[in-house]
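Novice: everything below, folded, please.
(chains A and B)
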Amino acid sequence: MKVPRPFQFKSIHTSIALAFSLLILGTTLILSYNSYRLSKTSVTRNSIEYTTALVEQVRANVGTYVSNMDSISTLALSNGDLQKFLSEPLKTPESDRLAERIGAFFHSIVASRTDIASLLFVGSNGSVISDRTGAAVKDYTDLIGQEWYRQARAASGRIVLSSSHVEHLYPKEYRWVISLSRELAGDRPSDPSGVLLVDLNFNLIDDLCRQIRLGSRGYVFIVDGEGDLIYHPQQQIMFTELKSEDIPLILRSSDRTVAVRGGEPKNYTIRSTGFGWKIVGVTYPQELAGDKRKMQLASAQWGGVCLLVALGLSVLLSFTMTRPLKRLDARMKEVEKGDFDIRVEVTSPNEIGKLARTFNLMIGKIKELMNQRIRDEELKRSSEIKALQAQIRPHFLYNTLDSIIWMAESNKMAEVVQMATALSRLFRSSIGQGEEEVRLAVELEHVENYMKIQSMRYRGRFVYRIDVDPGLRDCRILRLVLQPLVENAIYHGLRSVEETGTIRIAARRDGDALELAVADDGVGMPPEQVRALLSDRRPQENGKGVGVLNVQQRIRLFYGAPYGLQFESEREEGTVARLRIPFRREGGPGSAKPSGPVRAEPSGPAAAAAEARQGGDEA
Amino acid sequence: MSRGRTYALLALAALLAGLLAAAAAHSVRWVRHAWLPPSGPIVYIPKTIDPNIEFWQVARQGVDAAAKELGVPVTVLGTAREKDIDGQIELVESAVGLHPRAIVLAANDYERLVPAARKVKNAGIPLIMVDSGINGRFADSLIATDNFEAGRQVGDALRRLVPAGSRVAVINYIQASANAQERENGVLSSLAEGDIAVEPTLYSDGLDDKAYELTRELLLRRPDLAGIAALNEPTADGAARAIEEAGAQGRVKLVGIDSSTSEIDYLEREVLQVIVVQKPFNMGYLAIKTAERASRGRKVEPLIRTGSAVITKADMYSRENQKLLFPFLSGQGDAGGGPAAGAVLSGEEPGEDRPYAGREAAGG
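Specialist: Residues are numbered from 1 along each chain as shown, chains lettered A, B, ... in the order given. Down below sits the predicted model:
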């Protein structure tokens, strides 16, 4: 039982097509994936560069904004009235007047700018001046306890930026602001001093951060140096901690683009400002999905097209490669059936062409050998026939001469003459020109001479009759086939019979065959003996009886299997030997040459089968 | 056909089939999302749309934030007064007619909203309860403060403020409310752990005037009163006003629940000693997010606790607490114009969704 193996194919065509297809499939997949990956990388890089540029722009704008606020604080602090106010004692009309003027000045600054929420000056002398003249401000002690104040004091003159926080300067007013505070210090510690607070509105920062678009969902947010949120577009949601940003990552990272781990993939593009804030642009790599999908589609499409074309080519190529082989195969099959005249066209000079040429040479050689064999067979056959014919003569000659001698001894000179004449005629008619076939008339003449001789030998023990239509006398017949039959009739049928026997020779046409019958009315033969007559294994009885088998063998050799001898015998009634040969007239079609089994070309299995059939008949 | 060729064809066919299946699965998912998105708005029904109740204003901001973030339209329906239970029942029933993708409801009554909720349930509309639930399992999710825990926080704060053996009072806001009951239970369970006498609970009906009256009477009746627990925003306001008027600030400690601008002012002026704040923004935000999730047929948490925090004057401006006390949006002073009943908020398309907070934050 053969175990099927999955990658063993019966046709080269399939193997080649499959191998090519797999190769091409693999190559296409790798190429498509690579081209997709490369374009994805380049798109990602472009997007990072673009985002970086945008975030840089926000950074510059925020920087400008803060330095503007710094200028405003400088402007406010350098106000002459403020200097004077600080040096004045409190609660004097002069200081009240100055405070009012400073408040009006503050108010004009705040009113002219939408990005400032409030301006407030807290002096070390306990004074509080706000841009809202006359508005209730929280207690002095409360104010100086607030973070912006303490930090500005600690920073002594440098500006301090708070993170976003709730401003609580005025009762019942709480809003989220970013504070810029700065100390106005005297030259000496004892000099009057104070802290100016500028509360920044979110709206400008909001505008700055919102005016750039980072994809459809990207955004910009700002954290300070401690990681507190300055600004976030979803600030309240951030405050509730329902969402969060990876602040530690931002604080750790320098100015670059980093990928955020955990949750939805996103990138932070970080830029630091001079005052400690970090501007962070958030982009979602997923947003390239549109392009990504397009790129995937394009890669897949072109990959698919290439694949189809390549698959088609591979099938075509494998077909073209294997077609000559298949043609060769078909030709070989015809040769197998016995047609040796086949030639394969040699179309290409490649290996298959060489193979075809070799095949043609081989077929030619085989045909030559076949013809050679046919000639040899012919030769062998004819020499066999000759040998068999040769067996007849000496045997008969011996017997006849024996009779002549015997007659001469008995002084039956007339009979001697008669017999010798008959013998001489017999030989004349039988020697011929070395032909195997003769006219039936010649054969009948020959057998008549023979019967004449034999009837003399047996002294009229039998009479003979030849009933052959003169029309059949031109038929061709193998030489010396009737004589052994007559011989057999005499020896086995008539010799032991007391009264005079009759031998009758008749001929008739039976379709394509000529049937000759040699009948006697002698003792007849038992069926075993009839069967034994044509058997090879029959023991030779003094060289007698060889004749019948000899005839059968020669007929078969010359004419082929269907022809030959048949005996019908009845005890005390006689025996009929029937000889069938092909019906052919002298000078008629196909008469020039003997037609027999050798003529049918013994080639290939058909011939072998015919031989086998023949053998079977004989068995 | 040879066996080898059969294998080869089979392999190719399998390959093609695999590719086709992948493509088909992909397109089916895409088609379902592209052509069959859940439609209709999310209907949000708070207890009241009274612009003076800051709790619901802040919750509304959470609702808006989530609506914008998700790109889901939200229809707000609400009664002008929290006590208008019939009005709310009507609104819930009319909301079913809008074929919303989900309904978010803050029930004004634990029992009486049940039939309306059943109708919502029967219509196959996801129901998300926010702040206050109802009796029975009608809601897909409840998003609320753990009111018992908030009550305990009030009780614990009050116990720390008053000396042992003193007397305190609890002013609740509504008797039939499950939330109110849980808060009261929380307060009482905490107070019971100390050596403190507790007055019988009073009910303000959620009105600050009534709370003021009750407190005034209480202060007159019980001059030895050391502390008051006021269990919601108007009640705390009314009580604080009464205490301040009586000049009892400091002597009578007041602990309230929820924050409002006036409560914070009282806290700064030390009329109120402690407030326990809930997280209404989170409630609104999570309610819409949960509703949207439920409308897509996804599994949602049956109970989400948003938490509460204890705030005193000393730590009210701490980095953490100021975020809880002053919503970034409403603190900017534009919380004034409350939305009218039936106002429709349309979320922007998801593709154009912009982060939410900034614009409102900008309004100085």
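
Novice: how does the chain divide into domains?
Specialist: All of this is about chain A. Annotated domains of chain A cover A:78-205, A:206-288, A:378-594 [automatic domain parsing].

Novice: not quite, I wanted chain B
Specialist: Using automatic domain parsing, the domains assigned to chain B come out as B:42-145+B:280-306+B:328-362, B:147-277.

Novice: among those domains, where is the model least confident on average?
Specialist: Here these differ in mean pLDDT, and the lowest is domain B:42-145+B:280-306+B:328-362 at a mean of 79.

Novice: one step back: adding mean neighbour count, write the domains of chain B out as CSV.
Specialist: All C-beta spots, glycine's among them, are computed from the backbone N, C-alpha and C. Output for the domains of chain B, formatted as CSV (neighbours: other CB atoms under 10 Å in any protein chain shown):
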stretch, mean neighbour count
domain B:42-145+B:280-306+B:328-362, 21
domain B:147-277, 21
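
Novice: so can I have CSV of the domains of chain A showing distance to chain B, mean neighbour count and mean pLDDT?
Specialist: Formatted as CSV, the domains of chain A follow (distance: least, CB to the nearest CB, whole Å; neighbours: other CB atoms under 10 Å in any protein chain shown; pLDDT from 0 to 100):
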stretch, distance to chain B, mean neighbour count, mean pLDDT
domain A:78-205, 4, 18, 84
domain A:206-288, 3, 18, 84
domain A:378-594, 42, 17, 80
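
Novice: so for B:Ala117, which of these sits nearest?
Specialist: Closest approach to B:Ala117 among the domains of chain A (CB to CB): domain A:206-288, 26.4 Å.

Novice: residues touching the nearest residue to B:Arg167 once chain neighbours are set aside, list them.
Specialist: Nearest non-adjacent residue to B:Arg167, counting by CB to CB, 6 or more residues apart in numbering or on different chains: B:Ala197, 4.3 Å away. B:Ala197 makes contact with B:Gly165, B:Ser166, B:Arg167, B:Val168 under the criterion CB atoms under 8 Å, 6 or more residues apart in numbering or on different chains.

Novice: ok, B:Asp208 next?
Specialist: Contacts of B:Asp208 (CB under 8 Å, 6+ apart): B:Pro234, B:Thr235, B:Asp237, B:Gly238, B:Arg241.

Novice: now do the SS call for the third one.
Specialist: If I follow you right, that is B:Asp237. What DSSP: H, G, I helix; E, B strand; the rest coil gives for B:Asp237 is helix.

Novice: same check, this time on A:Ala60
Specialist: Following three-state DSSP, A:Ala60 is assigned to helix.

Novice: pull the number of nearby residues for it.
Specialist: Residues lying near A:Ala60 (other CB atoms under 10 Å in any protein chain shown) number 14.

Novice: mind checking how far it is from A:Thr273?
Specialist: 9 Å (CB to CB, to the nearest Å).

Novice: sorry, back to before: near chain A, from the contacts of B:Asp208?
Specialist: The subset of the contacts of B:Asp208 lying close to chain A, counting by CB under 8 Å from any CB of the partner chain, is empty.

Novice: would you state the strands of the stretch 151-300 of chain A in chain order?
Specialist: Along the stretch 151-300 of chain A, counting by DSSP state E, counting those that start in this stretch, strands occupy A:160-167, A:175-184, A:194-200, A:219-223, A:229-231, A:257-260, A:266-272, A:278-283.

Novice: contacts for the shortest one, please.
Specialist: If you take CB under 8 Å, 6+ apart as the criterion, strand A:229-231 is touched by A:163-164, A:178, A:202, A:205-206, A:209, A:221-224, A:235, A:238-239, A:277, B:358.

Novice: quick one: strands adjacent to that strand?
Specialist: Strand pairing for strand A:229-231, determined by DSSP bridges: strand A:219-223 (antiparallel).

Novice: list of residues touching the partner strand?
Specialist: With contacts defined as CB under 8 Å, 6+ apart, strand A:219-223 is touched by A:55, A:58, A:62, A:205, A:209-210, A:212, A:214, A:229-233, A:245, A:247, A:250-251, A:277-282, B:354-355.

Novice: run the last query once more with 7 Å
Specialist: A:55, A:58, A:205, A:209, A:212, A:229-233, A:245, A:247, A:250, A:277-282, B:355 (CB atoms under 7 Å, 6 or more residues apart in numbering or on different chains).

Novice: ok and it relative to strand A:266-272, angle-wise?
Specialist: Relative orientation of strand A:219-223 versus strand A:266-272 (axes from the mean of the first three to the mean of the last three CA atoms, to 10 degrees): 50 degrees.

Novice: name the helix or strand for A:Leu379, please.
Specialist: helix A:351-409 (DSSP states H and E).

Novice: next secondary structure after that helix?
Specialist: Downstream of helix A:351-409, the next assigned helix or strand under DSSP H and E is helix A:413-431.

Novice: and that next one, what does it pack onto?
Specialist: Under the contact definition 3 or more CB pairs under 7 Å, 6 or more residues apart in numbering or on different chains; DSSP states H and E, helix A:413-431 sits against helix A:351-409, helix A:440-457.

Novice: just send those helices back as CSV, with distance to A:Asp96 too.
Specialist: Shown next, in CSV, are these (distance: least, CB to CB, whole Å):
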stretch, distance to A:Asp96
helix A:351-409, 117
helix A:440-457, 172
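
Novice: of all the ones you listed, which one comes closest to B:Ala192?
Specialist: Closest to B:Ala192 of these, according to CB to CB: helix A:351-409, at 105.1 Å.

Novice: what's the closest one packed up against?
Specialist: Applying 3+ CB pairs under 7 Å, 6+ apart, we find helix A:351-409 packed against helix A:289-336, helix A:413-431, helix A:440-457, helix A:546-559.

Novice: so which strand or helix has the residue nearest to the spatial centre of chain A?
Specialist: The residue lying closest to the centre of chain A (CA atoms, centre = their mean) is A:Leu18, at 2.2 Å. A:Leu18 belongs to helix A:12-77 when assigned by DSSP H and E.

Novice: same deal with A:Arg476?
Specialist: If you go by DSSP H and E, A:Arg476 is part of strand A:476-478.

Novice: ok, residue 82 - contacts?
Specialist: No chain specified, so I'll use chain A. By CB under 7 Å, 6+ apart, the contact set of A:Leu82 is A:Ile102, A:Phe121.

Novice: please go with chain B instead
Specialist: B:Lys47, B:Thr48, B:Asn108, B:Gly206.
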